[in-house]
Every structure is written in structure tokens, then in C-alpha cells.
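# here is a sequence with its predicted model. Questions after.
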Amino acid sequence: MAALPWIQDAGPAPDPRLRVRGISYSGNLREECIMQIGVYGSGYLATVISGCLADFGTPVCCCRADGARMVEAANGNIPFYEKNLQEVIRRNERAGRLFYTADPEDLARKAPVIFLAEDSGEGLEQLVSRLAASAGKFQVLSIVTPGRVGSTSRIEKAMRAQGLKSLLVCQPMFFTNGCAVEDFNWPDRIILGTQSSEAVFRSQADLSPACDARRARAGHQLRDGRTGAPGSDCICGDQNFFHQ
């Protein structure tokens, strides 16, 4: 396996498995290259999204505040079957494009775009506040986690009340069991629920290979899939039927 772009600082590593697989944890490792995209979660959604984004050629850091689960993910232990996914994960780990961390605050400081992709919406509002509080100069939080109608608007209001300036996007993903990799790479639709043109621009840039694939398959220009947050919340809630 090629050397991963991490540098060890002074201080012993609490778990050598984290160092071997490129896990970062506060005070012991720092990143040498610039992370472009973060994915929070360690379940079905996060594993598919992080692997496919890394396959686009973009450095991706997958995070969850649970070191044990991150070690399992870094070792390639996927607790479900999805066609071609394990190969995608291993290929991008070998290429040094897929990293893992158990430090959400460190991820928030380094990744300007973070996909929130837990399989359950429990604790989502607290997670958004935690990441936004540690954000750098610019941050887009893209909510892929299924939630109730109006949840994104409610979270955004709570975030603004705390003086946090991160941009929120509600972005439902439509996956079919056994075809999630293909569904991500060649989507039938891309929906971005936000009032921020800046957030849409950045999200489209990160997903440009998928947008190009959709244009090529459809034979026409991709229509503007933007919608207000309440409308996309409704779609996001319905997407439970697409990935269970």
C-alpha cells in the first residue's frame, strides 16, 4: 500500500491501527495535503458516498466520533454487501484518496464541504452545530441523512440563532440495493435544497463527474434541480424507500 500523506507529530499514537490506515486524531497527526471533501458517518450512506466521491479523484475524509468503527472501515470491513463497493473502497485507500478520522472538529476545520450521511437522523441538529462551530472561513454542510419535513429549515434557524454561518444544503440520494455505486455515478436526478447560490455552485463542482455522466446518458443539459429546503426535506424523507 502506498504511503499515505500524513505526518506524525510528537506523542504516542493511542492505537497503531489508526496510524497505519491514515486515521487522524487530535494532537498526534496533522494533514499534509488539503482535504477537499468530508463525509460524516460510517454506515451504508456514508460508505457509498465517500467511496464514490474518492473514485472521482478527489481526496475524501470519512469521519465519525467512534474510533472503533473507523478502524473497521479503514480495514475494509463493510458490514453489508453492495456490488463493486469494496473494490472501490480498497482502490481509493491504496491511492491515498480515502482517509478516516475520529475527530469531527478537525474535519470541520479542514473540509470546506461535508456530507452528513448517517443512516439515522438522530442527533443531526447537534452534529450540525458541532461542525459549524469548528468551521473554517467557508463551509457547506450537505445533509444526505433522511429527516422529517422541515428539519433542514429548523436546523438552519437554530444554527443562525447561535451565530453560526455555515451554509446548509438538503441533498437526497436515491440508491437501489445492489446498484448504489451505479446510482451515485450515473444519477437519474440531482436535487439540491438550499437558498444559497454559493452552496449550489460548490456542490455542483464536487459532483461534476456525476452531473456530466447524467448529461451524457440523458443526451441533454442537466436541468436546474434546486428547490427550497422544505421541498427537498419532503423528498429526503421519502428516500428511505430507496436505500433500505
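Right, received. Where do you want to start?

# so Arg109 makes contact with Leu131?
No. Counting by C-beta atoms under 8 Å, Arg109 stays clear of Leu131, with 9.7 Å between them. C-betas here are computed from N, CA, C, even on glycine.

# what about these two, which has more around it?
With neighbours defined as other C-beta atoms under 10 Å, Arg109 and Leu131 compare such that Leu131 has more, 24 against 15.

# hang on, isn't the more buried one packed against Val39?
No. In this structure Leu131 lies outside contact range of Val39 using C-beta under 8 Å: 11.9 Å.

# which neighbours do the two have in common?
Ile114 (C-beta atoms under 8 Å, 6 or more residues apart in numbering).

# go ahead and confirm Ala132 touches Ala161.
No. If you go by C-beta under 8 Å, Ala132 and Ala161 don't touch, sitting 11.8 Å apart.

# so between those two, which is more surrounded?
Higher neighbour count among Ala132 and Ala161: Ala132, with 21 against 8, using other C-beta under 10 Å.

# Pro79 versus that one, what's the distance?
As judged by C-beta to C-beta, to the nearest Å, Ala132 and Pro79 stand 30 Å apart.

# which SSE is the residue most central in space within the chain in?
Residue closest to the average C-alpha location in the chain (C-alpha atoms, centre = their mean): Val39, at 2.5 Å. Val39 is part of strand 37-40, with elements assigned from DSSP states H and E.

# got it, and Val169?
Secondary structure assigned from DSSP H and E places Val169 in strand 167-170.

# just how off-centre is the strand holding Val39 within its chain?
Strand 37-40 sits 3 Å away from the centroid of its parent chain (C-alpha atoms, centre = their mean, to the nearest Å).

# need the next SSE after it, C-terminal direction.
On the C-terminal side of strand 37-40, the closest following helix or strand by DSSP H and E is helix 44-55.
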